[in-house]
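**Q** sequence unavailable; structure follows:
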């Protein structure tokens, strides 16, 4: 454990050597606290104080904010290693997956696309179609996790170089490359990833929906202008009349993917 | 391979892309070489499916098959096209945003 002679922080003694020690230790936690590494200058500035307060808020919420003393709870926490529970791997995902779920609610989509979709679905149901929505907005963090576990596992990005993602406190860096890659591979296998997951899906931006639309016989559905269209089966795949009705509401079909509709057809 | 028969390869790539009409390329793409257009069609489809997450086993199988069909070979194809058209500003611009490695 590093040595601290006197208090550091707001109204602390702030010896230069002590401040430098605290800055160095704080930098060891910068990734999960998501602040830029501090210069180990020995001078207590606003950035160091903010980082200290952030660390206390997350690690020792009972401690006074912005000040630490030799041997106190903040000092002990600052010297502690990153807990195993924060390290990447299958266990991390099992413990945290409930925090990062995808949505199948139309209301989770981005306005005004959400209302466009709601109006289109309402018109379809009024005409007698059955609509089942399977996916709307995709969790950005979930996509980030899938993307970077793939990149680390394949050795294309080092764990220590993975950018932080707001709202996600996973620690990719296990202290050596081999361990980081093994943990990343656990997640790749858990997610059953076959190709590198994209970070640019329109689902992430709330601008796409996956849904199946079915009906029997011929039905009549009103487009956004109120004009009635006759729709014969089948549903999504090749029904250009259905696609035109969707487009009138601002909901466009991507032909290559049966359940996929979006704001621009991509 | 690209150097010998870009036209035939373009047609093959185009036909391999899932469910997208080959004649429906945007006007901005019309002046690009055929092999570049074919690559874009295939990789764009690949990029779409890489952004989807399955909600059940049937969807998972569909997405995996679609990615195998549209992503496989595109890393090397992109590298080859960038090398071949290194002096062509329009092609370089059209290819610059594609990720080097997705496989």
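**A** Structure received. This structure is a prediction, so every number in the text was calculated from the model and none was measured.
**Q** least confident secondary structure element in the chain?
**A** No chain was given, so I picked chain A. One helix or strand of chain A scores below all others by mean pLDDT, DSSP states H and E: helix A:30-33, with a mean of 66.
**Q** for chain B, which residues are neighbours of chain A?
**A** Proximity of chain B to chain A is confined to B:17-21, B:45-53, B:55-56, B:59-60, B:62, B:64, B:66-68, B:71, B:99, B:101-103 under the rule CB under 8 Å from any CB of the partner chain. (Each C-beta comes from the backbone N, C-alpha and C, glycine too.)
**Q** residues from chain A in reach of chain B?
**A** A:102, A:104, A:134-135, A:138, A:142-143, A:146, A:154, A:156, A:192, A:194-198, A:200-204, A:210, A:254-260, A:266.
**Q** the nearest residue to residue A:108 once chain neighbours are set aside: which element?
**A** Distance criterion CB to CB, 6 or more residues apart in numbering or on different chains; nearest residue to residue A:108, sequence neighbours excluded, is residue A:137 at 4.2 Å. Using DSSP states H and E, residue A:137 is not contained in any helix or strand.
**Q** quick one: mean pLDDT for stretch A:128-143?
**A** Mean per-residue pLDDT for stretch A:128-143: 96.
**Q** ugh, typo on my part, it should be stretch A:9-18
**A** Mean pLDDT, computed over stretch A:9-18, is 93.
**Q** ends of it, what's the gap?
**A** 10 Å (CA to CA, to the nearest Å).
**Q** what's around residue A:123, how many residues?
**A** Residues lying near residue A:123 (other CB atoms under 10 Å in any protein chain shown) number 20.
**Q** which parts of chain B are helices?
**A** Assigned helices in chain B, in chain order: B:6-16, B:34-50, B:57-71, B:74-84, B:89-95 (criterion: DSSP state H).
**Q** ok, chain A next?
**A** Going by DSSP H, chain A shows helices at A:16-27, A:30-33, A:46-59, A:73-79, A:90-96, A:113-127, A:140-153, A:177-191, A:240-248.
**Q** point out the most buried one among those.
**A** helix A:140-153 (a mean of 22; mean count of other CB atoms under 10 Å in any protein chain shown).
**Q** measure residue A:191 to residue B:47 for me?
**A** Relative to residue B:47, residue A:191 is positioned 18 Å away (CB to CB, to the nearest Å).
**Q** can you check residue B:78 too?
**A** From residue B:78 to residue B:47 the distance is 12 Å (CB to CB).
**Q** residue A:59 now?
**A** Applying CB to CB to residue A:59 and residue B:47 gives a distance of 40 Å.
**Q** which non-adjacent residue is nearest the closest residue to chain A within chain B?
**A** Residue of chain B nearest chain A, by CB to the nearest CB: residue B:51 (2.7 Å). Nearest non-adjacent residue to residue B:51, counting by CB to CB, 6+ apart: residue A:201, 2.7 Å away.
**Q** doesn't residue B:49 make contact with the one you found?
**A** No. Here residue A:201 does not reach residue B:49: they are 9.7 Å apart, not a contact under CB atoms under 8 Å.
**Q** now do the same for the closest residue to residue A:59 other than its chain neighbours: its pLDDT.
**A** Leaving aside its chain neighbours, residue A:59 sits nearest to residue A:77 (4.4 Å; criterion: CB to CB, 6+ apart). For residue A:77, the model assigns a pLDDT of 84.
**Q** for residue A:77, give its distance to chain B.
**A** 36 Å (CB to the nearest CB, to the nearest Å).
**Q** repeat that for residue A:95.
**A** 20 Å.
**Q** nearest residue to that residue other than its sequence neighbours?
**A** residue A:85 (6.8 Å).
**Q** next, the contact list for residue B:39, please.
**A** Counting by CB atoms under 8 Å, 6 or more residues apart in numbering or on different chains, residue B:39 makes contact with B:13, B:74, B:77-78, B:81, B:95.
**Q** with pLDDT added, can I get the residues you listed in JSON lines?
**A** Compiled in JSON lines, the contacts of residue B:39 are given as follows (pLDDT from 0 to 100):
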{"residue": "B:13", "pLDDT": "42"}
{"residue": "B:74", "pLDDT": "98"}
{"residue": "B:77", "pLDDT": "98"}
{"residue": "B:78", "pLDDT": "98"}
{"residue": "B:81", "pLDDT": "98"}
{"residue": "B:95", "pLDDT": "97"}
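**Q** please produce a markdown table containing those residues, extended by neighbour count and distance to residue A:20.
**A** Below are the contacts of residue B:39 laid out as a markdown table (neighbours: other CB atoms under 10 Å in any protein chain shown; distance: CB to CB, whole Å):
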| residue | neighbour count | distance to residue A:20 |
| --- | --- | --- |
| B:13 | 23 | 58 |
| B:74 | 24 | 50 |
| B:77 | 21 | 52 |
| B:78 | 19 | 47 |
| B:81 | 25 | 52 |
| B:95 | 18 | 48 |
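**Q** and the two most separated of those?
**A** B:13 and B:95 (14.2 Å; CB to CB).
**Q** how many other residues sit next to residue A:101?
**A** Quick note: residue A:101 (other CB under 10 Å) scores 11 neighbours.
**Q** ok, back up a step: give the contact list for the residue nearest to residue A:108.
**A** Residue A:137 makes contacts with A:102-103, A:105, A:108-110, A:203-204, A:206, as judged by CB under 8 Å, 6+ apart.
**Q** just the buried members of those residues?
**A** Listed as buried from the contacts of residue A:137 are A:102-103, A:109, A:203-204, A:206; burial here means 16 or more other CB atoms under 10 Å in any protein chain shown.
**Q** between those residues, which sits nearest residue A:14?
**A** For those, the nearest to residue A:14 is residue A:204 (44.0 Å; CB to CB).
**Q** pretty sure that closest one sits against residue A:143.
**A** Yes. Contact criterion CB under 8 Å: residue A:204 and residue A:143 qualify, at 5.6 Å.
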